[in-house]
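1. model this:
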Amino acid sequence: MDFHGVFKLARVVACDPVVIRDGKVLMVKRRDGPHEKFAGWWCLPGGIMQLGETCEAAALRELYEETGFRGRIKKFVGVYSEPKRDNRQTVAVAFIVSIIGGTARTSDETSEVKFFPLNRLPAKVAFDHRKVIGDAGRLLKP
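-> As a prediction, the model looks like this:
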């Protein structure tokens with residue numbers, strides 16, 4: 001087997017926290033960046049898992065870095081691997097997360113932090129996050 005070919009096809013893992021509170025989901029507006037297809041679009045406050053980090057830890061780190069909120073993992077939502085979901089070929093792992101502290105703030109990657117009603121998401125939602133949010137909302141229904 002040619003392992004060099006396997007490594008060329010490797011995909012990156014992103015971890016997305018889904019915070020739903022009082023029927024609203026926490027989203028961030030992405031800032032401009034190099035090769036940023038979705039600059040100015042809304043998305044979940046997630047990002048790339050670092051070496052030596054679990055998916056759960058990455059989701060909580062990204063939540064804090066991009067929003068200022070600290071969280072706790074409540075439930076696994078799913079794995080999202082559609083090749084066209086992201087031009088960087090990421091596979092996303094999503095979790096429902098509850099806020100346990102912190103204060104809303106923006107970051108180098110975000111220009112706004114805002115809660116949106118689940119039934120009124122913004123028009124421009126990046127990646128496949130509209131689907132991820134819908135899946136998480138269904139998991140929380142009694």
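
2. C-terminal to the least confident helix or strand in the chain by mean pLDDT, what's the next element?
-> The weakest-scoring helix or strand in the chain, judged by mean pLDDT, DSSP states H and E, is helix 3-8 (a mean of 47). Following helix 3-8 in sequence order, the next helix or strand is strand 12-18 (DSSP states H and E).

3. which residue ranges of the protein form helices?
-> 3-8, 55-67, 129-140 (DSSP state H).

4. now do the longest one and strand 12-18, the angle between them.
-> When you say that, I think you mean helix 55-67. 70 degrees (axes from the mean of the first three to the mean of the last three Cα atoms, to 10 degrees).

5. pick the most buried one from the helices of the chain.
-> helix 55-67 (a mean of 21; mean count of other Cβ atoms under 10 Å). Every C-beta, even on glycine, is put in place using the N, C-alpha and C of the backbone.

6. neighbouring contacts of it?
-> 13, 15-17, 19, 26, 28, 45-50, 53, 69-73, 93-95, 97, 102, 104-105, 107, 109-110, 113 (Cβ atoms under 8 Å, 6 or more residues apart in numbering).

7. in JSON lines: the helices of the chain, plus distance to Gly40.
-> Formatted as JSON lines, these follow (distance: least, Cβ to Cβ, whole Å):
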{"stretch": "helix 3-8", "distance to Gly40": "32"}
{"stretch": "helix 55-67", "distance to Gly40": "15"}
{"stretch": "helix 129-140", "distance to Gly40": "14"}
